[in-house]
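> Following is a predicted model, sequence given first.
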Amino acid sequence: MSRILPTIVGAQFFCTSLWFAGNAVAPDIAAQLHLPPSFVATLTSAVQLGFITGTLTFALLAVADRFSPSRVFCVSALLAAACNLGVNLGGIGAPELLALRFLTGFFLAGIYPVGMKIAADYYQAGLGKSLGFLVGALVLGTAFPHLLKAATAQLPWQYVTLATSGLAVLGGVALVLLVPDGPYRRAGQQLRLTAFLAGFREPAFRAAAFGYFGHMWELYTFWAFVPVLLAAYNQQHAGAALPVPLLSFLIIGVGSLACVGSGLLSQRLGPRPVATAALALSGVCCVVSPLVLGSGSVGLLLGFLFFWGVVVVADSPLFSTLVAQNAPAASRGTSLTIVNCLGFALTIASIQLTNWLSHFLEPPYLLLPLAIGPALGLWGLRRGSKPGVLA
């Protein structure tokens with residue numbers, strides 16, 4: 001039993017390194033294919049759209065509840081790794097590249113929410129702490145390609161996709177060999193296309209989901225545009241030479257520590273108040289971002305982005321905990337998957353809106369509209385604050 005959580009966490013880290021593998025090398029790919037710099041937003045949205053399509057498919061078919069979650073995780077990891085590796089093929093253009101990133105996102109639907117389902121099947125008590133480690137692994141995995149890019153700067157960009165695909169294969173195989181189905185798993189006995197709706201009939205589930213949606217409006221857009229903001233600073237300040245890939249890894253990756261810390265803190269204070277505090281602080285970061293990002297001080301810029309990197313994701317494992325705790329037991333995997341699906345659909349709208357606004361706004365004002373997400377998320381949590389609705 002002692003190996004279960006470390007194995008799940010390690011597998012999640014290895015496999016989710018596929019998520020931003022394309023982003024880390026997007027400038028190299030754009031230069032090779034003669035595409036505009038805005039291509040990074042399109043590339044990110046392709047993965048998100050694939051993930052949404054995958055989670056919707058997995059939810060409608062109740063895949064994580066009808067079949068062994070460990071096997072689903074492994075098969076998805078192998079297929080996602082193959083699609084990620086496909087971008088190294090010679091002669092592909094932008095359409096093929098976007099299709100491969102879409103398929104990578106599709107199969108990530110069998111990794112991230114299914115990993116949380118596996119954890120929930122093992123750890124009913126202390127689920128917030130367990131998901132803190134698990135989402136922390138996701139965050140670190142998301143940031144890891146930027147570190148690979150920084151470490152292999154003198155090598156062809158294909159090394160990043162080779163490394164992340166290899167890690168995903170290792171993670172998927174390790175999980176299926178070392179983590180059998182959990183003791184609290186309740187397998188669905190038959191296909192019900194409406195099973196994913198069951199959780200939304202519960203007020204506590206709806207409140208947790210609404211808070212998660214507000215959080216997601218902000219999270220991935222912040223992650224996607226961190227390199228853009230750092231590069232913009234280099235362009236606007238003569239002599240500035242910020243190491244963009246390394247700083248992007250550190251700013252995104254520091255959120256993994258925040259997830260672990262918030263999960264541990266939720267053991268004492270409960271998941272709802274900790275999630276509410278983190279969401280409120282990240283909302284404040286959105287509001288004050290024009291003042292800080294336009295200040296010209298590199299120390300203030302980096303300190304602010306690191307702080308934002310902490311609070312922007314600290315609530316993620318806690319919202320997942322609240323969703324899992326308030327979902328029907330027989331459709332927990334499906335409920336987690338459909339909430340992920342809807343949350344990631346919002347990330348596409350947010351990323352594309354921010355990309356469109358980049359043609360009209362100066363970089364310091366670019367992330368101000370992200371405040372919409374925390375504001376609406378806090379409103380949803382407040383509506384669910386009456387006794388017995390959210391723990």
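On my side now, so go ahead.
> Please make it C-alpha for all contacts and neighbour counts, starting now.
Noted.
> Show me where this protein dips below the pLDDT cut-off.
1, 125, 186-201, 329-331, 333, 384-391 (pLDDT under 70).
> ok, longest helix in it?
Across the chain, the longest stretch assigned as helix under DSSP state H is helix 203-236.
> Let me know the angle separating the host helix or strand of Trp308 from helix 203-236.
Using DSSP states H and E, Trp308 maps to helix 298-314. Interaxial angle, helix 298-314 versus helix 203-236 (axes from the mean of the first three to the mean of the last three Cα atoms, to 10 degrees): 160 degrees.
> contact partners of helix 298-314?
215, 218-219, 250-255, 257-259, 261-262, 275, 278-279, 281-282, 285, 292-293, 295 (Cα atoms under 8 Å, 6 or more residues apart in numbering).
> Mind checking which of the residues you listed are in helices?
Judged by DSSP H, the subset of those located in helices is 215, 218-219, 250-255, 257-259, 261-262, 275, 278-279, 281-282, 285, 292-293.
> ok so, going back, what's the longest helix of the chain packed up against?
Where contact means 3 or more Cα pairs under 8 Å, 6 or more residues apart in numbering; DSSP states H and E, helix 203-236 is packed against helix 244-269, helix 298-314, helix 316-326, helix 332-357, helix 372-383.
> Turn those helices into a markdown table, columns for distance to Gly136 and mean neighbour count.
Listed next are these as a markdown table, based on distance: least, Cα to Cα, whole Å; neighbours: other Cα atoms under 10 Å:
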| stretch | distance to Gly136 | mean neighbour count |
| --- | --- | --- |
| helix 244-269 | 4 | 22 |
| helix 298-314 | 9 | 21 |
| helix 316-326 | 8 | 26 |
| helix 332-357 | 16 | 23 |
| helix 372-383 | 20 | 20 |
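> Of those helices, which is nearest Gly211?
Nearest of these to Gly211, taken as Cα to Cα: helix 372-383 at 4.0 Å.
> Can you check which of the helices and strands packed on helix 203-236 gets nearest to Tyr112?
Tyr112 sits nearest to helix 332-357 of all the helices and strands packed on helix 203-236, at 8.8 Å, using Cα to Cα.
> What angle do helix 316-326 and that closest one make with each other?
Helix 332-357 runs at 140 degrees relative to helix 316-326, counting by the same axes, to 10 degrees.
> ok, back up a step: what angle sits between the longest helix of the chain and helix 244-269?
Using the same axes, to 10 degrees, helix 203-236 lies at 150 degrees relative to helix 244-269.
> so Leu378 touches Ala280, yeah?
Yes. With contact defined as Cα atoms under 8 Å, Leu378 and Ala280 form a contacting pair (7.2 Å).
> picking that back up, dump the helix holding Trp308 to PDB, restricted to CA.
Written as PDB, here are the backbone C-alpha positions of helix 298-314 (Å, rounded to 0.1, in the frame of the first residue of the first chain):
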ATOM      1  CA  VAL A 298      12.500  42.900 -13.100                       C
ATOM      2  CA  GLY A 299      12.600  42.100  -9.400                       C
ATOM      3  CA  LEU A 300       8.900  43.100  -9.000                       C
ATOM      4  CA  LEU A 301       7.900  41.300 -12.200                       C
ATOM      5  CA  LEU A 302       9.500  38.000 -11.200                       C
ATOM      6  CA  GLY A 303       8.400  38.200  -7.600                       C
ATOM      7  CA  PHE A 304       4.800  38.800  -8.700                       C
ATOM      8  CA  LEU A 305       4.800  36.000 -11.300                       C
ATOM      9  CA  PHE A 306       6.200  33.500  -8.800                       C
ATOM     10  CA  PHE A 307       3.500  34.500  -6.300                       C
ATOM     11  CA  TRP A 308       0.800  34.200  -8.900                       C
ATOM     12  CA  GLY A 309       2.300  30.900 -10.000                       C
ATOM     13  CA  VAL A 310       1.700  29.700  -6.400                       C
ATOM     14  CA  VAL A 311      -1.900  30.900  -5.800                       C
ATOM     15  CA  VAL A 312      -3.200  30.300  -9.400                       C
ATOM     16  CA  VAL A 313      -3.100  26.500  -8.900                       C
ATOM     17  CA  ALA A 314      -3.100  26.000  -5.100                       C
END
